[in-house]
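Q: What follows is a predicted protein model with its sequence.
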There are 2 protein chains.
Amino acid sequence: MVNYGLTGVRPRVVIVGGGFGGVNAAKALKHARVDVLLIDRINHYLFQPLLYEVATGTLTPGDIAAPIRAMFRRQQNVTVLMGEVTGVNPAAKTLTVAAMNEPIAFDYLVLATGARDNFFNHPEWQGSARSLKSLRDAIDLREQILKSFELAELADDDASADWLTTFVIVGGGPTGVELAGTLAEMFEFTFKNNFRRLHPDEARILLVEAGPRILPAFDPALAQQVHRKLENMGVEMRVNSPVEAIDDQGAIIKGERVLSRNVIWAAGVRASPASDWLGVPADRSGRVIVNPDLSIPGHPDIFVVGDTAHTPQGDKPLPGVAQVAIQGGRHVGAVIKAHVERYPAPPPFVYHDKGSMATVSRWYAALELGNVKTAGLIGKLGWAFIHILYLSDMQNRIRTFIQWTWANLFSARGSRYITRPFTRGELASVDTPPPTANDG
Amino acid sequence: MVNYGLTGVRPRVVIVGGGFGGVNAAKALKHARVDVLLIDRINHYLFQPLLYEVATGTLTPGDIAAPIRAMFRRQQNVTVLMGEVTGVNPAAKTLTVAAMNEPIAFDYLVLATGARDNFFNHPEWQGSARSLKSLRDAIDLREQILKSFELAELADDDASADWLTTFVIVGGGPTGVELAGTLAEMFEFTFKNNFRRLHPDEARILLVEAGPRILPAFDPALAQQVHRKLENMGVEMRVNSPVEAIDDQGAIIKGERVLSRNVIWAAGVRASPASDWLGVPADRSGRVIVNPDLSIPGHPDIFVVGDTAHTPQGDKPLPGVAQVAIQGGRHVGAVIKAHVERYPAPPPFVYHDKGSMATVSRWYAALELGNVKTAGLIGKLGWAFIHILYLSDMQNRIRTFIQWTWANLFSARGSRYITRPFTRGELASVDTPPPTANDG
């Protein structure tokens, strides 16, 4: 096979997935005597927790996406390939990549392929609901939001305009909360005086949660504060409200038909198909059940980390958050390094909870760090500090800081360009009012 | 019809096109007792001369695109609509917009709809050559460049890799020159140490010009300096070299088949269909021949400006550059204001040439301002100063300044994300080498 910068002499570590887990595993192998091949479907490391800032135009895609190969340009033992892994043969210790003639052999394999949206038993909802998992999703959602308002301004009748400017966010976790708050601010401040006919601050935003409260991973009192804050910002809060249907006209929420062009999915996720590749047991969400060192049963040299792994700790598995993937990736790097260099294996993986955060508005975020539980300006400052700290490279940090400061002070959003003229279908939606409510 | 913020009392000026011409006409009407309706197919004012910086990832799309309605949020006599004008009835003084049930009436009409690529008598080339006229074009070109290198790194054979990393730029005007120089720098500096197998600095860049020299609008000695500079940067300069064919495998340049996945069109343009709408005479490039006050023959209240107009001045028409459109738009605004307010009409339009510029590299630009003719660092400083001055809003200026400074000092390019995984077709191109040279 083609020599992708690999020596062929040192043990070869193949890492699939260039997110928090994969990139941190590769970094942890910096001084190990191995060759690392890092494969991802896309070319960038993505700071996923800030996707909603791209979707609402505060940050640009480049602020939260760094080219993986640029991150490793000085770590000579890492080779980066953009490619689609199509299968793994654990027994032969090889994997296949689309368009490559020969399989790739590995001595160690790290699967860190993340998760995708889970529409439970309703795959047909996917065509009508917007996701927010990838940079492409965020860019497409931004274009849809901007176009919805342009179409509404053009619309002849109010029913069309209302349908176009109603936003249903499904899922009351951090992503749903952050999106609801940021949309409310965008409509109230950024769009102020921009339209002559529409009143963007009257656009409807619904935050829909099937469970009894938003932010279930947070302290109940803190979650309640955030709930009230969102209500005060004009977000219609619907807890205990399962979504029963999603189609091109909107959604049915606990029996009520809500007409909306913009249904956004921020609810369940399902692990990537790693367990199918490996032929090993998975939990209900498709996550591979891993050993205490994050290897898989029967294969001490194959590891699964992050959202793709079911990592038992205490009485339940670890949540699908960035820190679990980051710490898991580092741990696996250390395990491999120890094995290659014949040191004793590190102790089993223990996750250190660094707390939870959710931003709500320009000056308001909820923050839980150990015993510190706060919501408001202090929370926002802590939130901003931690996020800038974790952004991947220096240029992004500076730019992002400027972007945020500017957007907060002046309610400006730098990225409000639409890249495609209206389609025929979009133009038709201006003329034809959707069916009246309660037809479902 | 719906009342788009128009009073229905004051004279109505409809401006079609939100580029340099249209936006400046609307601004010039700020204190006029008129209602302005500004219609564009897209929602942003685009700083077109810097599109190549977006295509090469130095600037983000938001740096050079400002939402038109945000620009006019405080100019209350302007209403902005995103919409597609489908026709004009000069006799009835109305125009039609897609998806709007009724035609829009005007008292004054300004057509500033720009130009699009002109493939002369070869419309079939359009499918194989990349354009660089819109933000969408620049974003797509950026994605194609990045993907070409990713595919080449993945490729099994050298013939495919060469085809993927050969860039043919058709047209030796400022756009072609700027793109060639920026690509050369991107490959040499930005991609440095990023690939383990490819040598991006060995990627081929051809700048192809049918005429005897590049930058025909510049002083010949200055153009010659730029020619040598590009040669020293590794660009293959082909003057007196008409392009005879373009297809998916590459181009035939003066009889020679050049295999290339990336043929970029920076040659002729053709005016938008304003002359068809109006039913008035146009020149060979489709530009409407206008009167000295920029109105059209027989219709003193219909004006055409910018790339859409054939504006005689001296012995030849004015060139299709930003300054002609900006000054034309301002002039038309003044003519309409004078007419509405019963002042004497301003004197006929006279274009003031503010000089020409073309950047070549981080520290090198050609600059012609009256008798000042310089190429090099001084040119680049003047170039940067003037461009930042003209960028439309404050946030963009600051961000762009930081972006440029950073990119120049560290050869960094902030926007190097790919948003879509490889398609089947792209993956096939890795495996199947294109036919050998000279088959055409």
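A: Okay, I see it.

Q: Surely residue A:100 is in contact with residue B:151?
A: No: in this structure residue A:100 lies outside contact range of residue B:151 using C-beta atoms under 8 Å: 11.6 Å. To be clear about C-beta, it is placed using only N, CA and C from the backbone, and glycine gets the same treatment.

Q: in the one helix or strand in chain A whose mean pLDDT sits lowest, what's buried?
A: Each helix and strand of chain A was given a mean pLDDT (mean pLDDT, DSSP states H and E); the minimum falls on helix A:394-410 at a mean of 71. Across helix A:394-410, burial judged by 16 or more other C-beta atoms under 10 Å in any protein chain shown covers A:395, A:396, A:397, A:399, A:400, A:402, A:403, A:404, A:406, A:407, A:408.

Q: next one: the helix or strand just after it to chain centre, how far?
A: The first helix or strand that comes after helix A:394-410 along the chain, using DSSP states H and E, is helix A:424-431. From the chain centre to the centre of helix A:424-431 is a distance of 31 Å (C-alpha atoms, centre = their mean, to the nearest Å).

Q: Tell me which other helices or strands helix A:424-431 touches.
A: helix A:135-154, helix A:158-164 (3 or more C-beta pairs under 8 Å, 6 or more residues apart in numbering or on different chains; DSSP states H and E).

Q: now the angle between helix A:135-154 and it, please.
A: For helix A:424-431 against helix A:135-154, the angle by axes from the mean of the first three to the mean of the last three C-alpha atoms, to 10 degrees is 40 degrees.

Q: Give me the residues contacting helix A:424-431.
A: A:147, A:151, A:154-156, A:160, A:163-164, A:261, B:84, B:98-99, B:101 (C-beta atoms under 8 Å, 6 or more residues apart in numbering or on different chains).

Q: related to what we said a few turns ago, report the inter-axis angle for the least confident helix or strand of chain A versus helix B:394-410.
A: If you take the same axes, to 10 degrees, helix A:394-410 sits at 170 degrees to helix B:394-410.

Q: still on that earlier bit, PyMOL command to pick out the buried ones of the contacts of helix A:424-431?
A: In PyMOL, this line selects whichever of the contacts of helix A:424-431 come out buried by 16+ other C-beta under 10 Å:
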select buried, (chain A and resi 147+151+154+155+156+160+163+164+261) or (chain B and resi 84+98+99)
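
Q: hang on, the earlier thing: out of the helices and strands packed on helix A:424-431, deepest packed?
A: Comparing the helices and strands packed on helix A:424-431 by mean neighbour count (mean count of other C-beta atoms under 10 Å in any protein chain shown), helix A:135-154 comes out on top with a mean of 22.

Q: Can you give the distance from that helix to the centre of its chain?
A: 19 Å.

Q: and if you look at stretch A:315-325?
A: The answer for stretch A:315-325 is 14 Å, by C-alpha atoms, centre = their mean.

Q: Alpha carbons of it, as CSV, please.
A: Written as CSV, here are the backbone C-alpha positions of stretch A:315-325 (Å, rounded to 0.1, in the frame of the first residue of the first chain):
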residue,chain,number,x,y,z
ASP,A,315,-24.1,3.2,38.9
LYS,A,316,-24.6,4.7,35.4
PRO,A,317,-22.6,5.3,32.2
LEU,A,318,-20.7,8.5,31.7
PRO,A,319,-22.6,11.3,29.8
GLY,A,320,-21.9,12.1,26.2
VAL,A,321,-20.1,15.4,26.9
ALA,A,322,-16.8,16.9,25.6
GLN,A,323,-14.9,16.3,28.9
VAL,A,324,-15.6,12.5,28.9
ALA,A,325,-14.2,12.2,25.4
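
Q: show me the contacts for the nearest residue to residue A:166 once chain neighbours are set aside.
A: Computed as C-beta to C-beta, 6 or more residues apart in numbering or on different chains, the closest residue to residue A:166 that is not its neighbour in sequence is residue A:260, at 4.0 Å. By C-beta under 8 Å, 6+ apart, the contact set of residue A:260 is A:163, A:166, A:167, A:168, A:204, A:206, A:249, A:250, A:251.

Q: partners of the strand or helix carrying the last one, with directions?
A: Meaning residue A:251. Residue A:251 is part of strand A:250-253 when elements are defined by DSSP H and E. Paired neighbours of strand A:250-253 in the sheet (DSSP bridges): strand A:243-247 (antiparallel), strand A:256-259 (antiparallel).
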